[in-house]
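**Q** coordinates for the following, if possible.
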Amino acid sequence: MWRVCGLLCAWALALLARDCSAQSQRRPSHTCGGNFTGQTGIIGSQGYPGVYPPNTKCVWRITVPEGKVVVLTFRSLDLENDSMCRYDYVDVHSGHGNGQRLGRFCGTLKPGPLVSTGNKMTLQMVSDANTAGSGFLSVFSAAQPNERGDQYCGGRLDKPSGTFKTPNWPDRDYPAGVTCSWHIVAPKNQIIEVKFEKFDVERDNYCRYDHVSIFNGGEINDARRIGKYCGDSPPAPVYSEGNQLFVHFLSDLSLTADGFIGHYKFRPKRFSVTTTPVPTTTQPVTTRPIRRGGAWWGGAWRGESACECLGVSCGRQQLLRECSRCVYVRWCSLPTCKDTTLKYSVALCREKCKRRGTLESNFCSSNFVITGTVISAVTRGGSVHATVSIIKVYKEGNLAIQQAGKTMSTKMVILCKKCPFVRRGLNYIFMGSVDEEGRGKVGPHHFVLAFKSKNQKALSVLKSKRC
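**A** Predicted coordinates:
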């Protein structure tokens, strides 16, 4: 009896071992990088679904048959999360080598399907020494350029009419760090009309961050750009000069928004249109003329040494007036006036770090006054480049403010990384000057204070007063 039981147990264990071995052989082994060819395939991070190793850089190159494009879909994504994907991330490029980047991804939010412009695609995953997750699992497949449908990010569109939209539309915001390019091609004797039904892309006065650019022809060419668009107002209809248009969407690594859905259709060349190209959908700041040496001219008051468009006090010089975001001042010499040309220097950052004055004494002498949360802070050289999510604006000056939905933010440079010292995730009152790109500039002499609710009343009172 015991012998029979022993034989049965041994037989069962042998079957179990064989089954486990077969399952192990069927489970794909994911390595760090490699070359993949064919109609379809699976690519995963090293060791997936286990934790990926630290301090690695892996590159996978995909090639599908000539005449087709690569469609990549992420089934799983779990990398260290960071709003700017600076630490662990996956980059996806069209082509091999330094082709167009289709996106940079991290965290756990999967992007929509990505499409290459040709038959090649590259994935690169980078990990640092710290936090890790299970990595990613993706599937690629070959598709005809005109069979992808409009749910993918970019590609060639050559049907008589169609739709294109940002990844994740309309379920959620488009992801950060994405680039999508749609090449629309009509027959030789036709032109292309593009209309946006819904449009919501991070707002900025000059569309420097997230934006849509439309070009005549089949490539990015600034000389043939029809317009550059952002904000939450749909652009006017766009018409091509010839039979090709190139629509290029880019999102940076910070704020995102709902995105857009656009429609195109082919029109006969004789179709009469009147198009007035607009460089951006948000209007840049305008200034009124101001007197200089007996003559009025556009811009700020200038001399051989001048304080340009400042809201800072200029020694004993008189503030003339505020006009279209620019505070004009009489001619003054640079030694008595902190101006927008202030830059990082070792000498500047050796100054004793001590907050000077009060909210009241610094309010009028500052170009901008805001309260906000530091959502990213990156050290570059001796300075800190920060993105600040705005709580409230008390004095805008000529500060460039971006808006995505109800969220407003701005870019800021803390000239000396330790003075004033700011931490990511904390709230501050920021007062400072502005550089020529509209970024806030904060030096050791400017006023920065940890923001508390009790400060709101004092700031509101100051806002209501005339400087």
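
**Q** switch to C-alpha atoms for all contacts and neighbour counts from now on
**A** Fine.

**Q** and this protein, what are its domains?
**A** With domains defined by automatic domain parsing, the chain comprises 34-268, 289-336, 348-464.

**Q** all strands for the stretch 101-250 of the chain, in order.
**A** In the stretch 101-250 of the chain, the strands defined using DSSP state E, counting those that start in this stretch lie at 101-105, 114-115, 120-127, 135-143, 155-157, 161-165, 179-185, 190-200, 211-216, 225-229, 238-239, 244-250.

**Q** which stretch among those strands comes nearest residue 59?
**A** Among the strands of the stretch 101-250 of the chain, strand 120-127 comes nearest to residue 59, with 4.4 Å by C-alpha to C-alpha.

**Q** which elements pack onto that closest one?
**A** Applying 3 or more C-alpha pairs under 8 Å, 6 or more residues apart in numbering; DSSP states H and E, one finds that strand 120-127 contacts strand 56-63, strand 69-78, strand 89-94.

**Q** which among the strands of the stretch 101-250 of the chain is found nearest to residue 49?
**A** Nearest of those (C-alpha to C-alpha): strand 135-143, 7.2 Å.

**Q** ok, residues contacting that closest one?
**A** Residues from elsewhere that reach strand 135-143 (C-alpha atoms under 8 Å, 6 or more residues apart in numbering): 38-46, 48-52, 64-65, 68-79, 119.

**Q** Produce a ChimeraX select command limited to the buried residues of those.
**A** Buried residues within the contacts of strand 135-143, by 16 or more other C-alpha atoms under 10 Å, are selected in ChimeraX with:
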select :40,42,43,44,45,46,48,49,51,52,64,68,69,70,71,72,73,74,76,77,78,79,119
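
**Q** sorry, back to before: any chance of the helices and strands packed on strand 120-127 in JSON lines, plus distance to residue 438 and mean pLDDT?
**A** Shown next, in JSON lines, are the helices and strands packed on strand 120-127 (distance: least, C-alpha to C-alpha, whole Å; pLDDT from 0 to 100):
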{"stretch": "strand 56-63", "distance to residue 438": "36", "mean pLDDT": "96"}
{"stretch": "strand 69-78", "distance to residue 438": "36", "mean pLDDT": "88"}
{"stretch": "strand 89-94", "distance to residue 438": "29", "mean pLDDT": "91"}
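
**Q** of the ones you listed, which is nearest residue 198?
**A** Of the helices and strands packed on strand 120-127, nearest to residue 198 by C-alpha to C-alpha is strand 69-78, at 25.2 Å.

**Q** tell me what angle the closest one forms with strand 135-143.
**A** 160 degrees (axes from the mean of the first three to the mean of the last three C-alpha atoms, to 10 degrees).

**Q** so what strands line up beside strand 69-78?
**A** strand 114-115 (antiparallel), strand 135-143 (antiparallel) (DSSP bridges).

**Q** of these, which stretch is the most buried?
**A** strand 114-115 (a mean of 28; mean count of other C-alpha atoms under 10 Å).

**Q** so how far is residue 371 from residue 38?
**A** 54 Å (C-alpha to C-alpha, to the nearest Å).

**Q** what do you get for residue 195?
**A** 38 Å.

**Q** those two: which is more packed in?
**A** Between residue 195 and residue 371, residue 371 has the larger neighbour count (other C-alpha atoms under 10 Å), namely 25 against 17.

**Q** which element is the more buried one on?
**A** Taking DSSP states H and E as the criterion, residue 371 maps to strand 368-380.

**Q** what is the mean pLDDT for that strand?
**A** On average, the pLDDT along strand 368-380 is 87.

**Q** counting contacts, what elements does that strand pack onto?
**A** Against strand 368-380 (3+ C-alpha pairs under 8 Å, 6+ apart) you get strand 383-395, strand 427-434.

**Q** if you set the cut-off to 10 Å instead, what comes out?
**A** helix 359-363, strand 383-395, strand 407-414, strand 427-434, strand 440-442, strand 448-450, helix 455-464 (3 or more C-alpha pairs under 10 Å, 6 or more residues apart in numbering; DSSP states H and E).
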